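Trainee: Okay, here's the prediction I keep looking at, along with the sequence it came from:
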Amino acid sequence: MNIKNLRQKMNLSQNETARRLNIPQTTLFNYESGVSEPSISTMIKLADFFNCTLDELVGREADTINLKYLNENEAYLIRKILKMNDLELAKTRAYVTGLTE
């Protein structure tokens, strides 16, 4: 779990975080120390509170893409995007935004 790091980035104490989440401070301590794990509904609540993904909450690299799960077109586009400079990325983003609106 990445809860402690996320909490510290927000400059919040355990007590303040627990109060805002409406959970006992001891429960938050147990999550942070690995004594217990939150339920999926609590994990969603935590992710919403910290404005992060569930992957980020559990310490998983959120920006890693496994190309084997993409179809041929998706994998091709990802490979091309990864090679683009900032200007090319901005142009591509503007173009894609226009397509999806």
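Mentor: Everything's here; your move.
Trainee: Any regions of the chain where pLDDT drops low?
Mentor: Applying pLDDT under 70 to the chain flags the ranges 62-64.
Trainee: one more time with 80
Mentor: 60-67, 101 (pLDDT under 80).
Trainee: check contacts around residue 19.
Mentor: Listed by CB atoms under 8 Å, 6 or more residues apart in numbering, the contact set of residue 19 reads residue 25. (Each C-beta comes from the backbone N, C-alpha and C, glycine too.)
Trainee: What residue spans form the domains of this protein?
Mentor: 3-57, 67-100 (automatic domain parsing).
Trainee: among those domains, which is the most enclosed?
Mentor: Highest mean neighbour count of the domains of the chain: domain 3-57, a mean of 14 (counted as mean count of other CB atoms under 10 Å).
Trainee: Distance from the chain centre to it, please.
Mentor: Between the centre of domain 3-57 and the centre of its chain there are 13 Å (CA atoms, centre = their mean, to the nearest Å).
Trainee: Stretch 83-97 now?
Mentor: Put simply, stretch 83-97 sits 23 Å off its chain's centre (CA atoms, centre = their mean).
Trainee: contact partners of it?
Mentor: For stretch 83-97, the surrounding residues in contact (CB under 8 Å, 6+ apart) are residue 81.
Trainee: Alpha carbons only: can I get that stretch in PDB?
Mentor: Extracted in PDB, the C-alpha atoms of stretch 83-97 (Å, rounded to 0.1, in the frame of the first residue of the first chain):
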ATOM      1  CA  LYS A  83       8.800   8.200 -30.000                       C
ATOM      2  CA  MET A  84       7.100  11.600 -30.400                       C
ATOM      3  CA  ASN A  85       8.600  14.900 -29.200                       C
ATOM      4  CA  ASP A  86       6.600  17.400 -27.300                       C
ATOM      5  CA  LEU A  87       5.300  19.300 -30.300                       C
ATOM      6  CA  GLU A  88       4.300  16.100 -32.100                       C
ATOM      7  CA  LEU A  89       2.500  15.000 -28.900                       C
ATOM      8  CA  ALA A  90       0.600  18.300 -28.600                       C
ATOM      9  CA  LYS A  91      -0.500  18.100 -32.300                       C
ATOM     10  CA  THR A  92      -1.600  14.500 -31.900                       C
ATOM     11  CA  ARG A  93      -3.500  15.400 -28.700                       C
ATOM     12  CA  ALA A  94      -5.300  18.200 -30.400                       C
ATOM     13  CA  TYR A  95      -6.200  16.000 -33.400                       C
ATOM     14  CA  VAL A  96      -7.500  13.100 -31.200                       C
ATOM     15  CA  THR A  97      -9.500  15.600 -29.100                       C
END
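Trainee: Fine by me, we can end here.
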